[in-house]
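Trainee: From the sequence below, what's the structure:
(one chain, ligands or ions: 1)
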Amino acid sequence: MLLITFSLLIGMTFLLLAKLSLWRYNCSQLMPGRKLNFLNIFGDLIEVIKYLNSDADHPFQLKILNALVNCCKTFQKQQLFCLWGFYTPLVFLVKSGAVKEVLNANGLKEKSWIYEWGKLGFGNGLPCSQHAIWKPRRKMINRCFHPDVLRGFIPIFNDKAQKLVNFFQENGKEFITINDTIQLCSVDVVCGFPLVRPQNLAKIVKKYEIPEGNHSKLRAGELFMNRICKFWLWPEFIFWNTPSGRDTKSNLKVLKDFTRKIMHEKKEQYLTSECKMYEGKRQALLDLLLDLHCDTNQLSEEDLLDEVNSFALAGSDTTASTVTWAFYMIGLFPEIQKKIHQELDRVFEKDIDKEATEDDLNQLFYLDCVLKV
Ligand code: HEM
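Mentor: Next comes the predicted model:
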């Protein structure tokens with residue numbers, strides 16, 4: 001009896017795999033990509049695994065990135081290409097033509113299942129929400145990113161940038177680790193907290209009761225990327241039982257408790273203040289969200305927190321990594337650094353205390369190219 005059950009199980013598994021392989025084969029005829037053998041269960045992950053044995057010094061994520069860069073090189077002349085993780089297609093858009101097609105395609109409005117993972121941090125905020133929630137919210141929030149609103153933030157950017165420079169200058173060392181400070185600076189810009197100085201950070205940690213040692217772990221993005229790269233962590237029941245899953249849960253709790261406390265404070269200020277500072281068509285994001293929650297009831301408290309968490313998460317990790325890498329790369333190429341310096345001297349007339357205006361920023365063509373490469 002046991003033998004029959006076992007044989008049946010093997011037979012059914014074999015049939016299922018054959019069906020999936022046939023489906024994968026048919027799909028792969030429609031898109032550029034490697035042609036996979038019927039017996040290959042892992043799909044393109046086999047290629048990725050080969051990279052894991054290369055350069056022992058490189059972190060895991062870099063090896064995955066190298067594997068992807070290699071695939072992009074192979075298919076760089078195509079509009080798009082498809083890689084298979086087991087029987088899951090991962091489509092990479094290479095040329096702008098493919099991006100245009102996807103954006104115009106009516107049937108491609110919903111996000112992929114992988115975005116479900118982000119819901120733990122973003123909830124129903126813009127990055128992970130379904131189209132029906134995303135579209136009206138995006139329309140409401142778009143107006144906060146009008147150039148007139150953004151222009152109003154230039155003094156804040158100047159102030160935070162100056163504090164960052166002062167911090168580095170006071171440090172006085174020839175070589176320092178910059179990523180944590182830049183991370184704090186970007187949270188500072190997005191959330192409006194003076195975190196860069198250690199004594200300020202300590203005050204915030206105390207005021208918002210952030211657990212010991214957890215302030216540098218407000219980096220949920222890093223853990224999210226870690227899960228994307230490690231395909232064995234994809235199944236929920238495995239991930240949440242690993243140290244990485246438990247770490248993600250505790251970090252997100254810290255972040256969410258932090259934003260919940262701040263939002264309660266802001267809401268109280270909003271409800272008690274007599275005049276709403278940014279009333280009218282062009283409001284800053286937080287004021288608009290509070291309006292939609294308190295005045296028009298278009299957002300529940302949970303919706304409000306989801307959007308705040310989304311902007312805090314999506315806005316700080318991304319800019320921090322961009323700025324950290326930009327500093328590092330500019331440091332590695334002194335001739336590029338010299339040209340940036342010359343341009344800054346020309347625009348600011350060697351006045352290092354001059355606050356940058358919108359006009360000044362528009363004249364920094366070379367720096368713009370360096371940052372966008
Ligand atoms: C160099 C800096 C940045 C990079 C590289 C970056 C990258 C991205 C990417 C690739 C997406 C699309 C994600 C997806 O749908 O899979 C995205 C979406 C988003 N980003 Fe950024 N971002 C940056 C800065 C910011 C900043 C400063 C903010 C907010 C203050 C922000 C807020 C958002 C939001 C809310 C979304 C979701 C938008 C939507 O789905 O409608 N990002 N970002």
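Trainee: Could you give the average pLDDT over the longest helix anywhere in the chain?
Mentor: Determined from DSSP state H, the single longest helix within the chain is helix 301-332. The average of the pLDDT scores along helix 301-332 is 91.
Trainee: So which bits of it are buried?
Mentor: Using 16 or more other CB atoms under 10 Å as the test for burial, helix 301-332 gives 303-317, 319-321, 323-324, 330. Backbone N, C-alpha and C define where each C-beta goes, glycine included.
Trainee: And for stretch 159-167?
Mentor: Residues of stretch 159-167 classed as buried under the neighbour-count rule (16+ other CB under 10 Å) are 160, 163, 164, 167.
Trainee: now, which of those residues sits nearest residue 183?
Mentor: Using CB to CB, residue 164 comes nearest to residue 183 of the buried residues of stretch 159-167, at 11.3 Å.
Trainee: Make sure that closest one is actually in contact with residue 178.
Mentor: No - at 9.4 Å, residue 164 and residue 178 do not qualify as touching, with contact defined as CB atoms under 8 Å.
Trainee: For residue 320, see how far away the closest residue to the ligand within the stretch 151-300 of the chain is.
Mentor: Closest contact between the stretch 151-300 of the chain and the ligand, by CB to the nearest ligand atom, is at residue 190 (5.2 Å). Residue 190 is 10 Å from residue 320, where distance means CB to CB, to the nearest Å.
Trainee: Residue 368 too?
Mentor: 19 Å.
Trainee: cool, and residue 246?
Mentor: The gap separating residue 246 from residue 320 is 24 Å, by CB to CB.
Trainee: same check, this time on residue 62
Mentor: Distance from residue 62 to residue 320, by CB to CB: 18 Å.
Trainee: Ok, residue 313 next?
Mentor: Counting by CB to CB, the gap from residue 313 to residue 320 is 11 Å.
Trainee: before we move on, what about residue 286?
Mentor: Distance, residue 286 to residue 320, by CB to CB: 20 Å.
Trainee: Likewise for residue 258?
Mentor: The separation that residue 258 has from residue 320, given CB to CB, amounts to 17 Å.
Trainee: try residue 189
Mentor: In terms of CB to CB, residue 189 sits 10 Å off from residue 320.
Trainee: got it, and residue 346?
Mentor: In terms of CB to CB, residue 346 sits 28 Å off from residue 320.
Trainee: same thing with residue 106?
Mentor: 36 Å.
Trainee: and if you look at residue 337?
Mentor: Distance from residue 337 to residue 320, by CB to CB: 21 Å.
Trainee: ok, residue 290 touching residue 267?
Mentor: Yes - counting by CB under 8 Å, residue 267 is a contact partner of residue 290 at 6.5 Å.
Trainee: Count the neighbours of residue 335 for me.
Mentor: Neighbouring residues of residue 335 were enumerated by other CB atoms under 10 Å; the total is 6.
Trainee: and it, what are its phi and psi?
Mentor: phi -70, psi -30 (degrees, to the nearest 10).
Trainee: Run through the residues of the protein sitting next to the ligand.
Mentor: Contacts of the chain with the ligand, taken as CB under 6 Å from any ligand atom, map to 126, 127, 138, 190, 310, 311, 314, 315, 318, 319, 322.
Trainee: cutoff 5 Å now
Mentor: By CB under 5 Å from any ligand atom, the part of the chain that sits against the ligand consists of 126, 127, 138, 311, 314, 315, 318, 319, 322.
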